[in-house]
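In: what would the 3D arrangement of this be:
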Amino acid sequence: MYELIDIWGSSLREISFPGFIVLLVGSTIIGLFFLTKGGDLLSDNCSVLARELGVPPVIVGLTIVSVATSAPELFTSISAINSGAGGLVLGNIIGSNVANIGLILGISLLIKPISTHHAVKPTQLVLLTIATIGFSSSIIFSQSSALGFEAGVILIIFIIGYLGSLCFVSLRNRNNDLRAENHTDYVNQPLLMVIFMILVGGLLLWLGSESLVYGSKNLAELVGIPNELIGFTLIAIGTSLPELAASIALLRKDETHMLLGNILGSNLFNIGLVGGVAGILGPIFCETPYPWLDHISMLLFTILMVFWMRGRNLTRKHGILLLVLYGATSATTWIANS
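Out: Residues are numbered from 1 along each chain as shown. I've put the predicted structure just below:
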């Protein structure tokens, strides 16, 4: 696919510089759209397939849906590595985690206040803190300032252990027959159609990630800024759009605890799954002059979220603070590293 786009892009570049810019911007926008739609199709239909096969609903929610919602970041990272734009990967992981808290939680709080009483278990907050500090430390304090194979393996083991412990505890605490649980929120669909839609979702994710990486990578080269900076801002916001849509939907249903859990789970999966796969396929090197700025931003928002999860009532003031901090940290990172 890259060869076809490169040929088309080279032709446009020879004809007109504005035409090439239009191609890159269009490629980026189309990529974001395909990623969002592909992630939705994959998540929804994988859940239906698992239920049709008799997988307990709690397992569906903790594993299949969680992995599927991280699919845009995962596909984008793999495409970036294959195209030699590893900086996009680190920027996407860190930027997505920052955007999930600063942007998505901030916007959610502007819409509706949220109570954090008994919303998230303390152990999950501890795990998020450990994962964030461990991920950043493995890169900042490594001799090559890179996410390597060993760190990738550790992250994969971490996320598998996290999923396994969640499933074990959830199943142990269930008092009823999970397979007998009624589900009126989805309609039975032909199995072949469900499988077909899963394949379509995967295809859209692949096409979207290729298109997004091509557009953003060449835009970064054209403007003369590091790939990691584009990943931290543009791609991170784009791949976090499914979480924003899910958060707004949960607010409408007054499922605020699930909203907080979705943000926490997404950040854990970005570090454990996406970071783990990237490290194994890497190494992924930092490309910005001051890479520690990105990591400090992620640590700042993570610690802030952990502190607020201790039974606080979050209001619109907290949302405004998050949005202001998100704008300030993004601007600082952009100015310092561009």
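In: number of residues surrounding the nearest residue to Leu259 once chain neighbours are set aside?
Out: Of all residues not flanking Leu259 in the chain, Leu250 sits nearest, at 4.3 Å (C-beta to C-beta, 6 or more residues apart in numbering). Yep, even glycine has a C-beta here, placed from its N, CA and C like the rest. Counted by other C-beta atoms under 10 Å, the residues lying close to Leu250 total 18.
In: quick check, pLDDT for Leu250.
Out: In the predicted model, Leu250 carries a pLDDT score of 75.
In: distance of it from Thr256?
Out: 7 Å (C-beta to C-beta, to the nearest Å).
In: so for the longest helix along the chain, what gets flagged as buried?
Out: What stands out as the longest helix in the chain, according to DSSP state H, is helix 17-52. Buried residues in helix 17-52, counted by 16 or more other C-beta atoms under 10 Å: 20, 23-24, 27-28, 31-51.
In: again, but for stretch 315-333
Out: Those would be 318-319, 321-323, 325-326, 329-330, 333, for stretch 315-333 by 16+ other C-beta under 10 Å.
In: then stretch 116-127?
Out: For stretch 116-127, burial by neighbour count (16+ other C-beta under 10 Å) applies to 116, 119-120, 124-125, 127.
In: among those residues, which ones are in helices?
Out: Those of the buried residues of stretch 116-127 lying in helices (DSSP H): 124-125, 127.
In: follow-up on the earlier one: quick one, what contacts the residue nearest to Leu259?
Out: By C-beta atoms under 8 Å, 6 or more residues apart in numbering, Leu250 lies in contact with 256, 258-259, 262.
In: and the residues you listed, which is closest to Leu299?
Out: Asn262 (20.8 Å; C-beta to C-beta).
In: if I look at that closest one, how far off is Leu244?
Out: 10 Å.
In: more neighbours: which of the two?
Out: The neighbour comparison of Asn262 against Leu244 (other C-beta under 10 Å) goes to Asn262, with 21 against 18.
In: burial check on the residue lying closest to that one once chain neighbours are set aside, number of neighbours?
Out: Closest residue to Asn262 apart from its sequence neighbours, by C-beta to C-beta, 6+ apart: Ala246 at 5.9 Å. Neighbours of Ala246 under the rule other C-beta under 10 Å: 21.
In: now do the SS call for Ala246.
Out: The three-state label given to Ala246 by DSSP: H, G, I helix; E, B strand; the rest coil is helix.
In: I'd say it and Leu260 touch.
Out: No: here Ala246 does not reach Leu260: they are 12.0 Å apart, not a contact under C-beta atoms under 8 Å.
In: before we move on, back to that, would CSV of the ones in helices among the buried residues of stretch 116-127 with distance to Ser216 and pLDDT be doable?
Out: Shown next, in CSV, are these (distance: C-beta to C-beta, whole Å; pLDDT from 0 to 100):
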residue, distance to Ser216, pLDDT
Gln124, 32, 81
Leu125, 32, 86
Leu127, 31, 88
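In: adding distance to Leu110 as columns, could you present the residues you listed in TSV?
Out: TSV is the format used below for those (distance: C-beta to C-beta, whole Å):
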residue	distance to Leu110
Gln124	25
Leu125	23
Leu127	28
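In: tell me the one among the residues you listed nearest to Tyr162.
Out: Leu127 (6.4 Å).
In: name the helix or strand for the closest residue to that closest one other than its chain neighbours, please.
Out: Leaving aside its sequence neighbours, Leu127 sits nearest to Tyr162 (C-beta to C-beta, 6+ apart; 6.4 Å). Using DSSP states H and E, Tyr162 sits in helix 149-172.
In: alpha carbons of that helix, as CSV, please.
Out: C-alpha atoms of helix 149-172 as CSV (Å, rounded to 0.1, in the frame of the first residue of the first chain):
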residue,chain,number,x,y,z
PHE,A,149,12.9,-6.0,23.6
GLU,A,150,13.3,-6.8,27.3
ALA,A,151,11.1,-4.0,28.3
GLY,A,152,8.5,-5.1,25.7
VAL,A,153,8.4,-8.6,27.1
ILE,A,154,8.0,-7.3,30.6
LEU,A,155,5.1,-5.1,29.6
ILE,A,156,3.4,-8.0,27.8
ILE,A,157,3.7,-10.2,30.8
PHE,A,158,2.4,-7.4,33.0
ILE,A,159,-0.8,-6.9,30.9
ILE,A,160,-1.4,-10.6,30.6
GLY,A,161,-1.1,-10.9,34.4
TYR,A,162,-3.3,-7.9,34.9
LEU,A,163,-6.0,-9.4,32.7
GLY,A,164,-5.7,-12.8,34.3
SER,A,165,-6.1,-11.4,37.8
LEU,A,166,-9.1,-9.4,36.8
CYS,A,167,-10.8,-12.3,35.2
PHE,A,168,-10.0,-14.6,38.2
VAL,A,169,-11.3,-12.1,40.8
SER,A,170,-14.4,-11.3,38.7
LEU,A,171,-15.3,-15.0,38.2
ARG,A,172,-14.7,-15.9,41.8
